[in-house]
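# Just a sequence and a predicted model for now, questions to come.
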Amino acid sequence: MNYFRLIACVSLCGSTVWSGAKPIEESRPNLLMISIDDMNDWVGFMNGHPNTKTPHMDRLAAQGTVFMNAHTASPHCGPSRTALWSGLRPSSTGVYAHINDENLVKTPAGQGIFLSNWFENNGYKTIGKGKLFHHWAPDGAFMEFDGTRETPRFGPKPAKRFKWDTKGTGTDWGVYPERDEDMPDIQAAEWAVEQLKQKHDEPFFLAVGFVLPHVPWYAPQKWFDLHPLDSIETPPYLKGDQDDVPPMARKVAEMLHMPTADWAKESGEWKQIVQAYLATISMVDHCVGMVLDELERSGYAENTVVVLWSDHGYHLGEKNRFAKQSLWERATRTPLIFTAPGFKGGQATQGPASLMDLYPTLLELCGLPANPKNEGVSLVPLMRDPQLEWAHPAITTYGENNHAVRSQRYRYIRYEDGSEELYDSQNDPNEWKNLADNPEYAEIKKGLKQSLPKINQPWSPYSYLRCNEYFTAKSPPDKK
């Protein structure tokens, strides 16, 4: 028995609720999970960008509930995915940055029961492929996983970078390669299609993770052709819009060797960057369509829960940066769709949601016992009534004791040195005016502070950064 299944058995058998105690009913729904990397709200169903073309994801949105105000647990791939799969906040585990899968077991995040293992312990067949955790998936996280850490996560690379000379960030953009078939995301979609063609005698949890639109922004020419350069619109930009944020905000949001909007404007590359990002989104939308088409053909569609999510957002010039890794809206907001048998389609809710809520929501949708250690909440009430008044703000954490609290209308940010930001998302969607020092908003700020995490674990020694100098000395050593 591998480690993750062993700890699952020990944890469950020693609990008052044993998730394997009830036999699986034949009517229990299947689960299809679609994970997308670094995709912000530039999708049709969120009206995120006028030039986007995402017909397949829009089709899924029309079948389910879209969470228009959904946010990541952390604006960085590794900690976001660790939090989602473990059900534990970064502030509870100390996993504030990337972590190798084999080290997860050494942290509190790896001592619990991953979402996939909870389903396995309840009689589900769990199968996966692609980028689900940061490095594919740890041993034992799935009963069957196609790929290892040695499997390339990104597509082929040209002999020489096209646009951006960088050290380690992978930021580059351009037309490459010639064929879709050379891209790992196409291969992952084909694998998922094959799984859906098979006859499954038990309920399945099928998870497929796509890499695009993670950098480098490469895709074959036809995806660029969908977004003619002369039609491209760049995001709203205010020169100096970081002038009213505290020094710690700029420090946390900085990254080495990343483009800025000022550089993109001066070089004439801004439209090209936006075009490449949109092209990679369109290509991954095609991959999503391949999977959805087969689901509809398979006969499983009527009894399958589907969830689509991205691990965080991404700045494309807003606040003078091209990067994730900030506590502003552009980096924390993420697409999130649920469809489930018996629930209405074509719904959207503005109630704040977190990727932390995915674990308990899927358990409830599939009729499984709740995991009492989950730190998120089930979003099923919002699926039943999208207009429901929702008192659960979304919390995003980046580094020890740096948090954003997002309610339906406001974003409050508090940094480890006590400095603050506050934005009225209704009247200032671009977050150009920091209201934190305005006494008229003192009560609003006080109320949002109540949701800040009460526990802030120190950095895990296994959670590493490539730019740790932008945090305090409490962060772990850099790992090259």
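Received it, and whenever you're ready, just let me know what you need. The structure presented is a predicted model; accordingly, all values stated were derived computationally and were not measured. Numbering: from 1, shown residues only.

# make it CA atoms for all contacts and neighbour counts henceforth
Will do.

# got any ranges where the stretch 101-250 of the chain has weak pLDDT?
149-150, 165-168 (pLDDT under 70).

# Mind doing that once more with 90?
Counting by pLDDT under 90, the ranges of the stretch 101-250 of the chain that qualify are 101-106, 110-112, 134-139, 147-157, 160-161, 163-170.

# could I have whichever strand or helix holds E364 exported to PDB, CA atoms only?
Assessed by DSSP states H and E, E364 sits inside helix 358-365. Provided in PDB are the C-alpha atoms of helix 358-365 (Å, rounded to 0.1, in the frame of the first residue of the first chain):
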ATOM      1  CA  LEU A 358     -13.700  23.100  -4.700                       C
ATOM      2  CA  TYR A 359     -13.000  20.100  -2.400                       C
ATOM      3  CA  PRO A 360     -16.100  20.300  -0.200                       C
ATOM      4  CA  THR A 361     -18.300  21.300  -3.100                       C
ATOM      5  CA  LEU A 362     -17.400  18.200  -5.100                       C
ATOM      6  CA  LEU A 363     -17.900  16.000  -2.100                       C
ATOM      7  CA  GLU A 364     -21.400  17.300  -1.700                       C
ATOM      8  CA  LEU A 365     -22.300  17.100  -5.400                       C
END
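
# what's next to that helix, contact-wise?
With contacts defined as Cα atoms under 8 Å, 6 or more residues apart in numbering, helix 358-365 is touched by 84-85, 87, 115, 305, 340, 369-371, 374, 376-380.

# now the strands for the stretch 51-200 of the chain?
In the stretch 51-200 of the chain, the strands defined using DSSP state E, counting those that start in this stretch lie at 65-67, 70-71, 125-130, 144-146, 173-175.

# got JSON lines for those strands, with mean neighbour count and distance to M255 too?
Converted to JSON lines, the strands of the stretch 51-200 of the chain look like this (neighbours: other Cα atoms under 10 Å; distance: least, Cα to Cα, whole Å):
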{"stretch": "strand 65-67", "mean neighbour count": "26", "distance to M255": "29"}
{"stretch": "strand 70-71", "mean neighbour count": "30", "distance to M255": "21"}
{"stretch": "strand 125-130", "mean neighbour count": "24", "distance to M255": "27"}
{"stretch": "strand 144-146", "mean neighbour count": "16", "distance to M255": "33"}
{"stretch": "strand 173-175", "mean neighbour count": "21", "distance to M255": "18"}
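
# And what about the nearest residue to E302 once chain neighbours are set aside, helix, strand or coil?
Computed as Cα to Cα, 6 or more residues apart in numbering, the closest residue to E302 that is not its neighbour in sequence is P341, at 6.5 Å. Classification of P341 by DSSP: H, G, I helix; E, B strand; the rest coil places it in coil.

# Touching, P341 and C366? I think so.
No: using Cα atoms under 8 Å, P341 is not in contact with C366; the gap is 9.8 Å.

# joint contacts of these two?
P29, V305.

# what's the closest of the strands of the stretch 51-200 of the chain to D38?
strand 70-71 (12.5 Å; Cα to Cα).

# ok so, going back, narrow the contacts of helix 358-365 to those in helices?
Among the contacts of helix 358-365, the members found in helices (DSSP state H) are L84, W85, L115, V380.

# Filter those residues down to just the buried residues.
Listed as buried from these are L84, W85, L115, V380; burial here means 16 or more other Cα atoms under 10 Å.

# Mind picking the two most distant members of these?
W85 and V380 (18.4 Å).

# From start to finish, how long is stretch 353-361 in a straight line?
11 Å (Cα to Cα, to the nearest Å).

# pLDDT of it, averaged?
The pLDDT scores in stretch 353-361 average 98.

# Next: stretch 267-281.
98.

# which parts of it are buried?
W270, K271, Q272, I273, V274, Q275, A276, Y277, L278, A279, T280, I281.

# residues touching the first one, list them.
Translated: W270. When contacts are counted by Cα under 8 Å, 6+ apart, W270 touches T234, A261, A264, G317.

# how about 7 Å then?
By Cα atoms under 7 Å, 6 or more residues apart in numbering, the residues touching W270 are T234, A264.

# any idea how far the nearest residue to A442 once chain neighbours are set aside is from I444?
Using Cα to Cα, 6+ apart and skipping the chain neighbours, the partner closest in space to A442 is A436 (7.9 Å). Distance, A436 to I444, using Cα to Cα: 10 Å.

# coming back round to it: so the residue nearest to E302 makes contact with N303?
Yes: applying Cα atoms under 7 Å, one finds P341 in contact with N303, separated by 6.1 Å.

# Report the central residue of this structure.
D311 (1.1 Å; Cα atoms, centre = their mean).

# Can you tell me how far that one is from Y398?
Distance, D311 to Y398, by Cα to Cα: 14 Å.

# ditto for G447
21 Å.
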